[in-house]
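Participant: sequence and predicted structure are below.
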Amino acid sequence: MSTPLESWVEESARLTKPSKIVWCDGSEAENDRFTEEMLRDGTFAELNQNTYPRCYLHRSNSNDVARTEGLTFICTRDRNAAGPTNNWMAPAEAKERVRPLFDGAMKGRTMYVVPYIMGPAQSPYSKIGVELTDSAYVAANMRIMSRMGKVALDRLGSSSDFVPGLHSLADLNPDRRFILHFPEENLIWSIGSGYGGNALLGKKCFALRIASWMAREQGWMAEHMLILGLEDPSGKVTYMAAAFPSACGKTNLAMMVSALEKEGYRVWTIGDDIAWMHIAADGTLRAINPEAGFFGVAPGTNAKTNPNVISAVHSNTIFTNVAMTPGREPWWEGMDSDAPKGLINWRGEQWTPAMGPAAHPNSRYTVPAAQSTSLSSHWEDPAGVPISALIFGGRRARLAPLVYESHDWQHGVFVGATMASETTAAATGAVGVTRRDPMAMLPFCGYNMADYFAHWLSIGPRLKNAPKIFHVNWFRRSAEGKFLWPGYGENVRALKWMLERIEGRAAATETPIGCVPTPESLSLDGLSIPPATLAELLRVNSSDWAEEEQSVGEFFKQFGDRLPAPLRQEHQALAARLSRAAVASS
Ligand code: GTP
Ligand code: SPV
Ligand code: MN
């Protein structure tokens with residue numbers, strides 16, 4: 001008798017027709033074999049093994065460098081289950097369309113069976129997935145990003161309780177690229193891309209799209225959030241989770257070296273991209289990081305912005321689409337040094353400045369979390385860490401102040417549901433366009449966003465001490481286009497204010513959108529921020545916000561009657577507060 005996993009592997013092999021099937025055990029020896037194969041066939045280029053031991057460079061196809069949201073589908077029987085913000089296909093139609101593309105797609109290639117656990121191996125909150133892929137690069141990345149191999153097979157046994165994900169590079173043609181999710185049967189099909197969230201199926205496909213569906217059914221939350229612990233001078237650690245859209249600063253915040261370290265404030269990393277949060281028996285919200293590595297944005301990373309990652313990526317790291325120096329070291333824009341002579345760009349060509357960025361703006365490193373010196377000793381705690389603050393944020397050149405606090409859970413959900421951010425290179429398409437990205441989940445919510453809002457609203461009342469909900473913006477700019485806030489390690493100053501708000505100690509000014517710090521309540525020692533700049537950073541301009549409030553109304557319209565009434569009420573209350581403020585100031 002074969003197990004459910006064996007049957008599915010056989011069935012998938014009959015369809016895709018690989019020449020060989022390799023069951024991954026996750027061992028060092030196996031990884032060495034895959035690495036050798038990838039060096040031989042050109043999937044990997046070797047980096048300088050003296051300065052970057054066991055580090056390799058992968059250059060992906062130039063049409064395959066970011067998530068493709070337009071080719072990503074939620075396949076549910078009822079179109080309304082996917083909702084107005086997702087691409088939708090009926091499951092039967094999706095399979096009919098895409099099965100022929102999988103037919104023979106692995107001919108002449110190896111099928112890797114990649115069993116993995118999302119979450120700490122011993123945690124009751126963890127879940128198992130199995131990815132079948134014809135990409136050794138994907139298997140190598142999954143080994144870093146999850147608990148992969150024997151540990152997962154041992155936990156699974158002969159159970160059918162795993163999320164199957166079928167993946168093939170096929171011909172890497174965007175016309176035949178599909179990222180399909182079947183949440184009603186916990187199934188993922190991905191074809192035609194080898195890149196990041198399109199292909200590492202444990203990450204966005206499972207841990208967010210499928211898991212968000214499971215989470216709603218089972219009463220927990222799967223969120224696009226970093227998790228960090230803020231240590232205060234007494235040694236007490238307060239845990240916070242923050243949702244920022246792709247390439248908007250999660251990894252950097254989670255791994256920061258605090259500018260207030262001398263004063264005793266330190267940041268510990270639990271996770272940098274995804275949080276699974278459950279309501280524990282004592283009524284606390286407890287978060288685990290389902291991942292085991294960081295798939296982080298390279299450009300902008302340097303010894304000042306993120307020293308923890310810089311030291312971590314000097315060994316056992318896969319670099320994707322970065323540039324390479326003549327000494328075979330990785331290089332990207334915003335590293336410490338100027339571009340050296342003889343640089344090879346991300347496409348593998350001799351680089352000249354006229355060619356644009358040498359590293360792709362969405363170039364990344366894949367590094368084991370355990371290599372970060374900022375890693376919390378609780379990062380694999382099976383019970384997770386208790387969350388005291390939830391933070392939403394995005395890139396907003398104007399409008400949003402550095403930090404503000406919502407009035408309560410319901411208002412906080414409204415703040416998250418209406419957040420917006422400028423688009424980045426993490427997904428294909430225009431960069432710098434402001435769009436609404438509720439809870440940073442627009443591309444990742446596996447069901448109707450209106451129902452997702454309702455789910456969020458339902459969680460708060462079930463918690464004993466519901467986390468306070470904040471909003472931040474590190475990206476406000478001056479009229480000349482310069483960032484007003486130094487960001488990175490200095491962001492700890494906003495975290496400290498939030499901590500003091502949680503403890504009831506910091507002062508704040510009530511505004512129509514929420515509570516903003518008084519200038520004196522922020523610890524700015526050692527920073528030279530002119531008072532006028534600080535005022536601009538904290539300013540809530542009622543007429544700009546009145547425009548924003550209008551656009552929120554437009555955004556909400558698409559959900560029709562399905563939009564939860566409390567969000568409509570919050571919207572009306574905001575409008576009322578803004579018009580009162582306008583009257584008062586006129
Ligand atoms: P994903 O992995 O795509 O989900 O991204 P992320 O949210 O983890 O973003 P990440 O921390 O990798 O940062 C993305 C880009 O924003 C990098 O180029 C960073 O250098 C830059 N960045 C991060 N934090 C700050 C900040 O506080 N201020 C400024 N100005 N830039 C920042
Ligand atoms: C993101 O785009 O939010 C990422 C990178 O974290 S990817 O894995 O490609 O989704
Ligand atoms: Mn992300």
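Facilitator: Good, I have the coordinates. Ligands and ions are numbered 1, 2, ... in the order given.

Participant: buried residues, the biggest helix by length in the chain. List them.
Facilitator: For the chain, the longest helix by residue count, based on DSSP state H, is helix 565-585. Neighbour counts using 16 or more other CB atoms under 10 Å place 566, 567, 570, 571, 574, 575, 577, 578, 581 of helix 565-585 among the buried residues. Using the backbone N, CA and C atoms, a C-beta is placed for each residue, glycine as well.

Participant: got CSV for the residues you listed, with pLDDT and distance to ligand 1 too?
Facilitator: Shown next, in CSV, are the buried residues of helix 565-585 (pLDDT from 0 to 100; distance: CB to the nearest ligand atom, whole Å):
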residue, pLDDT, distance to ligand 1
566, 98, 28
567, 98, 25
570, 98, 26
571, 98, 27
574, 98, 26
575, 97, 31
577, 97, 29
578, 96, 28
581, 92, 29
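
Participant: save these as TSV, and put in distance to residue 66 too.
Facilitator: Below are these laid out as TSV (distance: CB to CB, whole Å):
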residue	distance to residue 66
566	35
567	31
570	34
571	33
574	34
575	37
577	39
578	37
581	40
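
Participant: pretty sure residue 399 sits against residue 546.
Facilitator: No - if you go by CB atoms under 8 Å, residue 399 and residue 546 don't touch, sitting 11.2 Å apart.

Participant: now do the strands in the stretch 251-400 of the chain.
Facilitator: With DSSP state E, counting those that start in this stretch as the criterion, the stretch 251-400 of the chain has strands at 266-271, 275-279, 285-288, 293-297, 318-320, 323-324, 330-331, 364-368, 385-393.

Participant: out of those, which is closest to ligand 1?
Facilitator: Nearest to ligand 1, of all the strands of the stretch 251-400 of the chain, is strand 293-297, at 3.5 Å by CB to the nearest ligand atom.

Participant: and that closest one, C-alpha only, in CSV?
Facilitator: The C-alpha coordinates for strand 293-297 follow below in CSV (Å, rounded to 0.1, in the frame of the first residue of the first chain):
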residue,chain,number,x,y,z
GLY,A,293,15.6,31.6,6.5
PHE,A,294,15.5,35.1,5.1
PHE,A,295,14.9,35.7,1.4
GLY,A,296,15.8,39.3,1.6
VAL,A,297,16.2,42.3,-0.8
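
Participant: how many residues are close by residue 56?
Facilitator: Using other CB atoms under 10 Å, the number of residues around residue 56 comes to 23.

Participant: how about it, what does it touch?
Facilitator: By CB atoms under 8 Å, 6 or more residues apart in numbering, the contact set of residue 56 is 35, 38, 39, 44, 45, 46, 47, 318, 319.

Participant: top of the residues you listed by neighbour count?
Facilitator: residue 319 (29 neighbours).

Participant: now do the residue in the stretch 101-250 of the chain that ligand 3 sits nearest to against residue 296, distance only.
Facilitator: Closest to ligand 3 within the stretch 101-250 of the chain is residue 246: 4.7 Å, counting by CB to the ion. Residue 246 sits at a distance of 11 Å from residue 296 (criterion: CB to CB, to the nearest Å).

Participant: kindly report the same for residue 1.
Facilitator: For residue 1 relative to residue 296 (CB to CB), the value is 43 Å.

Participant: quick one on the thing from earlier: give the burial count for the nearest residue to the residue of the stretch 101-250 of the chain closest to ligand 3 once chain neighbours are set aside, as a bare number.
Facilitator: Nearest non-adjacent residue to residue 246, counting by CB to CB, 6 or more residues apart in numbering: residue 426, 3.4 Å away. Close neighbours of residue 426, defined as other CB under 10 Å, add up to 20.

Participant: return the backbone torsion pair for residue 426.
Facilitator: Residue 426 adopts backbone torsions of phi -70, psi -20, taken as degrees, to the nearest 10.

Participant: show me what contacts it?
Facilitator: Residue 426 neighbours (CB under 8 Å, 6+ apart): 66, 67, 245, 246, 247, 297, 362.

Participant: check residue 134 too.
Facilitator: 16, 18, 105, 106, 109, 110, 111, 112, 167, 168, 169.

Participant: roughly how far apart are the residue of the stretch 401-550 of the chain at minimum distance from ligand 2 and residue 335?
Facilitator: As assessed by CB to the nearest ligand atom, ligand 2 sits closest to residue 426 within the stretch 401-550 of the chain, at 3.6 Å. Distance of residue 426 to residue 335, given as CB to CB: 19 Å.

Participant: and the angle for whichever helix or strand residue 544 is part of with helix 565-585?
Facilitator: Using DSSP states H and E, residue 544 falls within helix 542-557. Relative orientation of helix 542-557 versus helix 565-585 (axes from the mean of the first three to the mean of the last three CA atoms, to 10 degrees): 160 degrees.

Participant: please name every helix or strand in contact with helix 542-557.
Facilitator: helix 565-585 (3 or more CB pairs under 8 Å, 6 or more residues apart in numbering; DSSP states H and E).

Participant: just want the most central residue of the chain.
Facilitator: residue 273 (3.6 Å; CA atoms, centre = their mean).

Participant: what's the distance between the nearest residue to it once chain neighbours are set aside and residue 546?
Facilitator: For residue 273, ignoring the flanking residues on the chain, the nearest one in space by CB to CB, 6+ apart is residue 250 at 5.9 Å. Remark: distance between residue 250 and residue 546 (CB to CB) = 30 Å.

Participant: ok, those two, which is more surrounded?
Facilitator: When residue 250 and residue 546 are compared for neighbours, residue 250 comes out ahead with 28 against 16, by other CB under 10 Å.

Participant: and the gap between that one and residue 227?
Facilitator: Computed as CB to CB, the residue 250 to residue 227 distance reads 10 Å.

Participant: show the end-to-end separation of stretch 390-398, please.
Facilitator: Using CA to CA, to the nearest Å, the end-to-end distance of stretch 390-398 comes to 22 Å.

Participant: what comes up buried for that stretch?
Facilitator: Buried residues in stretch 390-398, counted by 16+ other CB under 10 Å: 390, 391, 392, 393, 394, 395, 396, 397.

Participant: ditto for stretch 292-304
Facilitator: Neighbour-count burial for stretch 292-304 [16+ other CB under 10 Å]: 292, 293, 294, 295, 296, 297, 298, 299, 300, 301, 302.
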